[in-house]
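In: One predicted model, sequence on top.
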Amino acid sequence: MSYHLIEKYDEEATGSLTEDYKNVLATLGEDVHRDGLQKTPERIAKSLQFLTKGYDMDAREILNQARFEEAYSEMVIVKDIELYSLCEHHMLPFFGKAHIAYIPNGYITGLSKLARVVECYARRLQVQERMTHQILEAIDDTLHPQGVAVVIEAQHLCMMMRGVQKQNSETTTSAFSGQFEHEPTRSEFLRLIDSSLS
Ligand SMILES: [Zn+2]
């Protein structure tokens with residue numbers, strides 16, 4: 001899946017973040033006027049606006065605008081949705097994959113919309129557990145399916161870079177509603193995504 005870079009940035013936010021990050025760099029002992037850093041504060045200002053653009057997205061609106069009546073009632077699974085987010089405790093990246101399933105109850109949505117819902121919640125300051133539930137609730141509230149399952153597997157740079165956790169270890173979170181709260185549906189889903197949870 002591809003992300004669209006926003007080309008227009010909020011000028012006021014860019015200006016104020018640029019000033020803030022000049023101060024941050026100076027406080028860290030850097031010479032903010034040296035060649036390599038000349039444009040760094042402005043780049044950070046723009047990059048942060050991109051990485052938090054999920055605040056301007058509405059997951060329920062995305063799903064409501066792409067909700068189609070359909071009698072299909074088998075499990076729909078979208079595996080390996082790439083996600084990049086920022087942990088709200090350190091503002092360091094965590095990244096990985098989301099797997100989503102739902103069992104329709106009269107309505108389906110476009111598969112790409114589920115990826116957009118992930119993006120909506122990932123592009124902001126987050127904790128993995130909360131994001132997992134937010135994705136589930138947005139789907140539950142709009143498609144009213146017979147059940148929703150969300151599994152997120154991610155690596156957190158705040159743990160890896162700071163040496164809190166072994167390199168490459170992954171954090172897995174999951175949320176289930178409706179039929180996925182029961183067997184054998186839950187196991188079937190976990191088997192289909194081949195998760196370490198199964
Ligand atoms: Zn963190």
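Out: Now that the structure is in, tell me what you want to look at.
In: For the nearest residue to residue 41 once chain neighbours are set aside, give its distance to residue 36.
Out: Take residue 41 and drop its neighbours on the chain: the residue closest to it by CB to CB, 6 or more residues apart in numbering is residue 21, 3.8 Å away. No exception for glycine: its C-beta is placed from N, CA and C like everyone else's. Here residue 21 is placed at a distance of 14 Å from residue 36 (CB to CB, to the nearest Å).
In: Also residue 57?
Out: 33 Å.
In: which of those two has more neighbours?
Out: The residue with more neighbours, out of residue 57 and residue 36, is residue 57; 15 against 8, by other CB atoms under 10 Å.
In: For the more buried one, list the residues it contacts.
Out: Contact partners of residue 57, counting by CB atoms under 8 Å, 6 or more residues apart in numbering, are 116, 119-120, 123.
In: out of these, which one sits closest to the ion?
Out: residue 123 (16.5 Å; CB to the ion).
In: The ion contacts on this structure?
Out: 87, 89-90, 158 (CB under 5 Å from the ion).
In: redo that, cut-off 8 Å
Out: 87-92, 94, 156-159 (CB under 8 Å from the ion).
In: Tell me which entries of those residues lie within strands.
Out: When DSSP state E is applied, these are split such that 87, 94, 156 fall in strands.
In: any idea which of the residues you listed is least confident?
Out: For those, the least confident position by pLDDT is residue 156, scoring 94.
In: Tell me how far that one lies from residue 183.
Out: Distance of residue 156 to residue 183, computed by CB to CB: 31 Å.
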